[in-house]
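1. Here is my input; please provide its structure:
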Amino acid sequence: MHYSDLSSTSLVEAIKSFINKTNTFYIISPFITKEAFYEFDKELEDFFGRNGKLKIITSTFTESGESFNYDDLFYISKKYKRNIEIKVQIVKRGEKPLHKKIYGFMYENDFDIILGSANFTYRGLYGKEISSLQSNESKQNLLNEIEYMWNEQGNYKLVNFKELSKEDWIKMENNYFNPFRDKENDNSGFILKDYQQEIIEKYKEDLFEYKNHSVILPTGTGKTIVAAFMFLHLQDVIDKPKLLFTTHRTEILNNAFNRFKQIVKGFEPVLIDTNNQKIIDFESIKNKSVFVTNKLLKNLIDKNKFNKNQFDIIFYDEAHHFDNESETNIFDYIFKYFNPTNNIALTATPERRQGLESITNIFDNVLYHMELHEAIEKKLVCEINYYLMHDKSEIKLTRDDLNSEVKLLLKADNLKRNSLVLDAIRKYLEYCFTTIIFCINIEHAKRINEILINNGYNSDYLVSDDINRSEKLDKFINKKLNFLCVVDILNEGIDIPEIDSVIFLRPTQSKTIYLQQLGRGLRKFNDKKLKVIDIATNIEIKDYWLNRFCNLITETQLVELVDNNCTKFSGLTFDFDELSYNELLKKLKQQKDVLYKNSLSNYIVWDLKCFEILSETNKDFVLIFDKNSRWWYEIYEVNGDNLSIFDINDTSYNLVYKYNGLDFSEFDILKFLKITKSEDDLKITYIHNNIEKINEYSKRKINQLPYNYSLSVFPNAKYIQEGKILYKKFKENKTAYVKKTKNGYILLKNSWIYPYKRKLIDKDVIKVWNQLNVPENFDSLFEIKNDYFFARSKILADVIVGGNSSFPNELSYEDNKKLLRNHYISNICKILNKYDL
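-> Model prediction:
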């Protein structure tokens, strides 16, 4: 056969045709997912029926690179156990995983080879990567390579998957992702994923710089685990810190209490509830950590049971209930009473009720913000089959209807629409299920429950004041009830991983309500796939379905849905009935320009034309600036319409940039912005063609991608003008003052510093403390008696705060009271605003 390129569609079709005639099928791919095998179910059934052999070489990694891929490989090996062999490269820290993607098909007297850029994953098979069917001249070499890898390991140190237990897999994963974990002091068995570790690292940097922090993660992605590890770190830097954990529901509180005790060794907190509050000796627990619901906590504060300075860290779980414009708000009352080192808001949805600012305006240091569509795509939550079912009642709902329970009930609570729940169950749900049905109000929940019971289903309703609440939940978890009809009681707080289906009967334009309700079913449990049934009522709000779907998939994927009828994405499959699809598609197409605008609005692009001295060739680069919350930029090398990241630290390049005074040896983003102008026309070409890649790169943390630049940590000391005064304020208004000089900095006499406050091993810093007459291991505020000169800002910051510091994150301008970091970003924003973008 001759060489030919294969598009995504023809790649799948080519593999299908080759499976139909092969007797041995080789898959060599770094990443493999079970979803890819679903695409070839029929062909593989015939293949194995004629005793075909499937041989796989892969690596330990998942496609997201955030965990090891035991579950998918175990599923595949179990499904095809008699006819499959899997060999795995155990990726060790510092090693790159297997990068080859080769598909081999052996026949009786011939063979075919596909060499590709596509992994054997759903995304890979249907992505834009080009794979090629090899010609006779090259395929023999590739076959030799396949056989060498299979028989001789090909220098990849492959092991047989069947020889690895789940315990082996967990140990390897733990060693990779947490190589510095103190095994002796940790008996929790919990493994932090990359994004969780990133939160902890950022918290370490910002702990003393900010008081109010927020962590925004979708339901089921481990907010409580992150909180426990934050507390573990606090134990390293504060002696015997005391924690307060509060939330609005008892179930959430109990789960958090148990999780903290699992993770934090020797942790003995006090759980206060309505049963034991009267017998607790509050004087005896003043040095203890406390878990208590917010209502009970407010009552205890009113009774003077707690001191304002009693706790070092306070966690507010489900913090979107924090409503500082309400006179009776409990969270706000608690927040204003206590004075801890840190307040931490935990939530899946920072948005609050209409008219109120985001929770991040209060807990302003956002340690991490992950949207649900990112968690779905990375398979951090369970997979979703999302069914959109046409509303046969033909009602029309307006914004006013959705904002009024009475109006909504009058229109949406009718026999024809309510009967749709029976149609949905019969069409989409299997025999054994655990289903939550979200209703409009209590009476509607009772009515839907009655319909289900009358049709032979095991059902009940659950409302907030139900005296049989625990009994009903127990029956539901143990499948003695298949349905629970609820209003909002299960929006949050009750953790039932067994929930495998959710039915939405109440339309809502509230992102918070929608995500909290959907979140009840997102937690992973065995091989569960969550079934979501959404009644596609005709809602006369222009962006209703646009906003709803943008919670589940990226704007780019939504364009794929609209333009190419693509309904399968990583971790999510849509299933529309014909009427709902046609109606929805019409509305979404009208808003496609909005999608593009939203995608592009976060980015500014500059053209960098350079000359490479050694090769005497022109090189084209682009600088892409991401204006989202991470304030991140990256330099890419241009190859046609495609981009690849360019490492400006690569000394093999000897580049000259067209503007005098700018080169890649010391790339100065502020100076660059002052003398250049963004090329708007580049947006269409580069951003559209590379939006997925750019989005993914911009989310990576700095230690994974050492040549990207996050403005939040960009050093900026050199921009401080001579004579300017900087300061660092500690408790009781004790302050360190620094004066910028021509050659460095002077720490002014009568300044206060906090030596040995943080863990420190820098001998140069200890040397300065000794010269300042600080007693050894003096862990308290210390006043210096004389001026002291510093040539380096890093040493100065460590001397002031006790180590583990960053100069831009510690010192503030006396002129405008801004952190150096924020002052620097403000300068960049001013320059960007001149471009009127």
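2. which residues in the stretch 401-550 of the chain form helices?
-> 405-412, 415-418, 420-428, 442-454, 469-477, 511-519, 544-549 (DSSP state H, counting those that start in this stretch).
3. Between the ones you listed, which one is closest to Ile496.
-> Nearest to Ile496 among these is helix 469-477 (5.9 Å), distances taken as Cβ to Cβ. Quick note: C-beta positions are derived from backbone N, CA and C, even for glycine.
4. related to what we said a few turns ago, show me the least confident stretch of the helices of the stretch 401-550 of the chain, going by mean pLDDT.
-> For the helices of the stretch 401-550 of the chain, the weakest mean pLDDT is recorded on helix 405-412, namely a mean of 76.
5. which helices and strands does that one pack with?
-> Based on contacts counted as 3 or more Cβ pairs under 8 Å, 6 or more residues apart in numbering; DSSP states H and E, the elements that helix 405-412 packs against are strand 396-397, helix 399-403.
6. quick one on the thing from earlier: next, format the helices of the stretch 401-550 of the chain as TSV and append mean neighbour count.
-> Rendered in TSV, the data for the helices of the stretch 401-550 of the chain read as follows (neighbours: other Cβ atoms under 10 Å):
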stretch	mean neighbour count
helix 405-412	16
helix 415-418	14
helix 420-428	17
helix 442-454	18
helix 469-477	15
helix 511-519	21
helix 544-549	19
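7. just so I know, which of the ones you listed lies nearest Leu380?
-> For those, proximity to Leu380 was assessed by Cβ to Cβ; helix 511-519 is nearest, at 12.3 Å.
8. mind checking how far the nearest residue to Glu498 once chain neighbours are set aside is from Asn458?
-> The spatially closest residue to Glu498, leaving aside those adjacent along the chain, is Thr434, at 4.9 Å (Cβ to Cβ, 6 or more residues apart in numbering). Plainly put, Thr434 is 11 Å away from Asn458 if you go by Cβ to Cβ, to the nearest Å.
9. Spit out the residues that contact the two alike.
-> Taking Cβ atoms under 8 Å, 6 or more residues apart in numbering as the contact rule, the neighbours common to Thr434 and Asn458 are Asn482.
10. Now do stretch 255-266: everything it contacts.
-> Under the contact criterion Cβ under 8 Å, 6+ apart, stretch 255-266 has outside partners 185-188, 190, 224-225, 227-229, 231-232, 235, 243, 245, 247, 267, 269, 271, 291, 315, 317, 495.
11. and the residue nearest to Glu498, how many neighbours?
-> Look at Thr434: counted by other Cβ atoms under 10 Å, it has 21 neighbours.
12. one step back: so which of the helices and strands packed on helix 405-412 is nearest Ile362?
-> For the helices and strands packed on helix 405-412, distance to Ile362 was read as Cβ to Cβ. The smallest value, 24.9 Å, belongs to helix 399-403.
13. residues of the closest one that come out buried?
-> By neighbour count with 16 or more other Cβ atoms under 10 Å, helix 399-403 contains the buried residues Asp401, Leu402.
14. export it as CSV, just CAs?
-> As requested, C-alpha coordinates have been extracted for helix 399-403 and formatted as CSV (Å, rounded to 0.1, in the frame of the first residue of the first chain):
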residue,chain,number,x,y,z
ARG,A,399,-36.9,35.0,33.0
ASP,A,400,-39.7,36.2,35.2
ASP,A,401,-41.1,32.6,35.4
LEU,A,402,-37.8,31.2,36.5
ASN,A,403,-37.4,33.9,39.2
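15. Just list the residues touching the residue nearest to Glu498, thanks.
-> Thr434 is in contact with Phe476, Ile477, Lys479, Asn482, Ile496, Glu498, Ile499, Asp500, Ser501, counting by Cβ under 8 Å, 6+ apart.
16. Determine which two of these are furthest apart.
-> Greatest spatial distance among the contacts of Thr434 (Cβ to Cβ): Ile477 and Ser501, at 14.4 Å.
17. related to what we said a few turns ago, just the buried ones among the contacts of Thr434, please.
-> Phe476, Asn482, Ile496, Ile499, Asp500, Ser501.
18. And the residue lying closest to the second one once chain neighbours are set aside, its phi and psi?
-> Across the structure, with Cβ to Cβ, 6+ apart as the measure, the residue nearest Asn482 apart from its sequence neighbours is Asn458 (4.8 Å). Note on Asn458: backbone dihedrals following degrees, to the nearest 10 are phi -80, psi 100.
19. Asn458 reaches Phe476, doesn't it?
-> No: counting by Cβ atoms under 8 Å, Asn458 stays clear of Phe476, with 9.4 Å between them.
20. show me what contacts Lys475?
-> Contacts for Lys475 (Cβ under 8 Å, 6+ apart) come out as Asp460, Leu481.
21. Distance check, it against Phe525.
-> In this structure, Lys475 lies at 18 Å from Phe525, with Cβ to Cβ as the measure.
22. Could you do Asp302 as well?
-> When distance is defined by Cβ to Cβ, Asp302 is 41 Å away from Phe525.
23. Those two: who's more crowded?
-> Phe525 (15 against 10).
24. Find the residue closest to the more buried one in space, skipping its chain neighbours.
-> Taking Cβ to Cβ, 6+ apart as the measure, Phe525 lies nearest to Pro497, with 3.7 Å between them; neighbours along the chain are not counted.
25. again with Ile720
-> Of all residues beyond its chain neighbours, the one nearest Ile720 is Lys740 (4.7 Å), with distances taken as Cβ to Cβ, 6+ apart.
26. Lys34 contacts Lys78, correct?
-> No: shown here, Lys34 and Lys78 do not form a contact pair, counting by Cβ under 8 Å, at 10.3 Å.
27. After the worst-scoring helix or strand of the chain on mean pLDDT, which helix or strand is next? Please name it.
-> Taking all helices and strands of the chain together, the one with the lowest average confidence (mean pLDDT, DSSP states H and E) is strand 709-710, at a mean of 48. Proceeding N to C from strand 709-710, the next assigned helix or strand is strand 725-729, under DSSP states H and E.
28. which of the residues in that next one are buried?
-> Buried residues in strand 725-729, counted by 16+ other Cβ under 10 Å: Leu726, Tyr727, Lys728.
29. Give me the sheet partners of that strand and which way each runs.
-> Each strand that strand 725-729 pairs with, and the sense of that pairing, follows from DSSP bridges: strand 735-740 (antiparallel), strand 812-813 (antiparallel).
30. Put the alpha carbons of it into PDB.
-> Taking only C-alpha atoms (Å, rounded to 0.1, in the frame of the first residue of the first chain), the coordinates of strand 725-729 have been written out as PDB:
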ATOM      1  CA  ILE A 725      10.100  53.200  50.900                       C
ATOM      2  CA  LEU A 726       8.700  49.600  51.100                       C
ATOM      3  CA  TYR A 727       7.200  48.000  54.200                       C
ATOM      4  CA  LYS A 728       6.100  44.700  55.700                       C
ATOM      5  CA  LYS A 729       3.500  44.900  58.400                       C
END
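31. related to what we said a few turns ago, nearest to Cys382, out of the strands paired with strand 725-729?
-> strand 812-813 (45.0 Å).
32. from memory Lys416 sits against Leu422, does it?
-> No: distance between Lys416 and Leu422: 11.5 Å, which falls outside the contact criterion (Cβ under 8 Å).
33. got the helices of the stretch 401-550 of the chain as a markdown table, with distance to Ile28 columns?
-> Formatted as a markdown table, the entries for the helices of the stretch 401-550 of the chain read as follows, by distance: least, Cβ to Cβ, whole Å:
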| stretch | distance to Ile28 |
| --- | --- |
| helix 405-412 | 53 |
| helix 415-418 | 52 |
| helix 420-428 | 37 |
| helix 442-454 | 50 |
| helix 469-477 | 43 |
| helix 511-519 | 38 |
| helix 544-549 | 36 |
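34. Go through these and name the closest to Asn144.
-> Distance to Asn144, taken as Cβ to Cβ, is lowest for helix 544-549 among those, at 47.9 Å.
35. Cheers, nothing more for now.
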